[in-house]
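Visitor: Just a sequence and a predicted model for now, questions to come.
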Amino acid sequence: MRKVPVFVLTGFLGAGKSTLLNRLLDDPAFAGTAVIINEFGDVALDQDLVRIGKTEIARTTTGCLCCTIGSDLRSSLHELHVLAHIGEIAFDRVIVETTGLADPAPLVNQLIPCGAAATGLRDHVVAKAFELAGIITLVDTVTGEISIENHFEAVKQIAFSDRIVLTKTDLAHDPASLRDIDALKKRLSTLNRSASVVDAKHPDFSLSSLFQPRDYAPASLGGDVIGWLALEEAIRDDHVHSVVKTVETASTPPFERHGARIRTFSITRTEPASPAAFGKFLNLLTLSAGPRLLRVKGLLQDRDDPERPRVIHAVQHAVFPTTILDSWPSEDRRTRVVFITDGIDPEPVRQLFEAALANRPRKARRALGALSTMAETFRSGASQLARALTG
Ligand SMILES: Nc1nc2c(ncn2[C@@H]2O[C@H](COP(=O)(O)OP(=O)(O)OP(=O)(O)O)[C@@H](O)[C@H]2O)c(=O)[nH]1
């Protein structure tokens, strides 16, 4: 039996994974593609933001796939396999879009023959039916360098990839930005010597060649990857013990891979809002929180055009142009904004949101004060960790 190729599409927060996936799902050549989308946090937005093409085979999971106990990815693949077996769906490739904070090690470990051992019939079925055919990592040329400096997840995503795609090169117009891209490429080659590097905006860029199945060989990627996979086994064993303890005592905190400072929270609002006031909120937030604001994305119900939601994106300091959808993608017509931060608490963000939308400058100033203090006094140890991991 020919195994179904599984591609992992990864890249740090806001690198452009959903944008590339949308492009792919619009392409008839990819009609037989099943998609597994994983989101960080408890409010799923990507299912509304990724246009599912003709295949309509998609599974969305919230909670971080790399932090979930055991083999959640194997569960999703098994579910797809069963549906194909009973003739409900047909597909010839699977793409797993990870969260921007995904550590690829546990995912790879579940998909390679010498990785996490199969523990039941389900895992054996998945091992027989699917094979890892590539890890594609998107690297944002605007924020890539700072993400590598501050977040070990970004370093590991690059190290584990066998294909790297540069995104947002269209935003580099001046010589300094072009030099930054050259410096970033050099950095990438020190983190991963064997991955091919392509530019998503280059006229020769081809999705078909990017998603060609190839044998995924961790040994060819270098010592760090092999070491991380070995570490993964150790964490997994340890984790299995801690799960048992949780059942016994109910006092062990949940397994936390990303560190206690990474927060995710959301704001929902039933009344429509003014896009100008929301824009002010977002600009103030990015200015005061700086790189501690890792990601903002959401759907906004426009006071003047409530039938057509606005799609909001900010990635660290960069606020991206709002796009307007023709209609609401689902029944849920509330404004929903998801935040992922590095050491920024939800409370001042919520206060700033309320103050900006209600035009209350004094309240906004108080919230800004709290935000700036948090952003300044907080020191990230992630940069040291990234250096230690990459030697
Ligand atoms: N100019 C430009 N903008 C881009 C490009 N790729 C993505 N974007 C924008 O970057 C923002 C984030 O893109 P997404 O595709 O949502 O990023 P993502 O990696 O799926 O985000 P997460 O799932 O939150 O990690 C959006 O506003 C996109 O329109 C690109 O190549 N050029």
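Guide: Happy to help now that I have it. Here the structure is a predicted model, which is why all the values come from computation and not from measurement.
Visitor: What is the burial count for Thr322?
Guide: Residues lying near Thr322 (other CB atoms under 10 Å) number 15. Quick note: C-beta positions are derived from backbone N, CA and C, even for glycine.
Visitor: Start and end of stretch 79-93, how far apart?
Guide: Stretch 79-93 has an end-to-end distance of 14 Å (criterion: CA to CA, to the nearest Å).
Visitor: Show me which residues of it are buried.
Guide: Buried residues in stretch 79-93, counted by 16 or more other CB atoms under 10 Å: Leu80, His81, Leu83, Ala84, Ile89, Phe91, Arg93.
Visitor: do stretch 181-188 as well
Guide: Ile181, Leu184, Lys185, Arg187, Leu188.
Visitor: can you check stretch 157-170 too?
Guide: 157-169.
Visitor: Could I have the CA atoms of stretch 264-277 written out in CSV?
Guide: Provided in CSV are the C-alpha atoms of stretch 264-277 (Å, rounded to 0.1, in the frame of the first residue of the first chain):
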residue,chain,number,x,y,z
THR,A,264,-2.8,33.6,25.2
PHE,A,265,-6.1,35.3,25.8
SER,A,266,-8.9,36.7,23.7
ILE,A,267,-11.4,39.6,23.7
THR,A,268,-14.9,39.1,22.3
ARG,A,269,-17.5,41.8,21.9
THR,A,270,-21.1,41.6,20.7
GLU,A,271,-21.6,45.3,19.8
PRO,A,272,-20.1,46.5,16.6
ALA,A,273,-17.0,48.7,16.8
SER,A,274,-15.4,51.6,14.9
PRO,A,275,-12.5,50.4,12.8
ALA,A,276,-10.7,53.7,13.4
ALA,A,277,-10.9,53.3,17.2
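Visitor: Longest strand in this structure, please.
Guide: In terms of residue count, the longest strand belonging to the chain (DSSP state E) is strand 130-140.
Visitor: Sheet-wise, list the partners of it with their directions.
Guide: Strand 130-140 has the following strand partners under DSSP bridges: strand 4-11 (parallel), strand 163-167 (parallel).
Visitor: what is the mean pLDDT for it?
Guide: Per-residue pLDDT over strand 130-140 has a mean of 97.
Visitor: Going by residue numbers, what spans are strands in the stretch 1-150 of the chain?
Guide: In the stretch 1-150 of the chain, the strands defined using DSSP state E, counting those that start in this stretch lie at 4-11, 33-39, 58-62, 93-97, 130-140.
Visitor: JSON lines please, covering the ones you listed and showing distance to the ligand.
Guide: Compiled in JSON lines, the strands of the stretch 1-150 of the chain are given as follows (distance: least, CB to the nearest ligand atom, whole Å):
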{"stretch": "strand 4-11", "distance to the ligand": "6"}
{"stretch": "strand 33-39", "distance to the ligand": "7"}
{"stretch": "strand 58-62", "distance to the ligand": "12"}
{"stretch": "strand 93-97", "distance to the ligand": "7"}
{"stretch": "strand 130-140", "distance to the ligand": "6"}
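Visitor: right, and those - which one's nearest Leu368?
Guide: Ranking the strands of the stretch 1-150 of the chain by their distance to Leu368 (criterion: CB to CB) puts strand 130-140 first, at 26.6 Å.
Visitor: Of the buried residues of stretch 79-93, which pair is most distant in space?
Guide: The span of the buried residues of stretch 79-93, defined through CB to CB, is set by Leu83 and Arg93 at 15.2 Å.
Visitor: buried sites along stretch 341-355?
Guide: Buried, per 16+ other CB under 10 Å, within stretch 341-355: Thr341, Asp342, Gly343, Ile344, Pro348, Val349, Gln351, Leu352, Phe353, Glu354, Ala355.
Visitor: For this structure, just list every one of the helices.
Guide: Under the criterion DSSP state H, helices of the chain are mapped to 17-25, 46-49, 72-85, 104-111, 121-129, 144-150, 152-160, 175-191, 207-210, 223-249, 275-289, 346-357, 361-377, 382-390.
Visitor: I'd like the average pLDDT over the fourth one.
Guide: Per-residue pLDDT values over helix 104-111 give a mean of 87.
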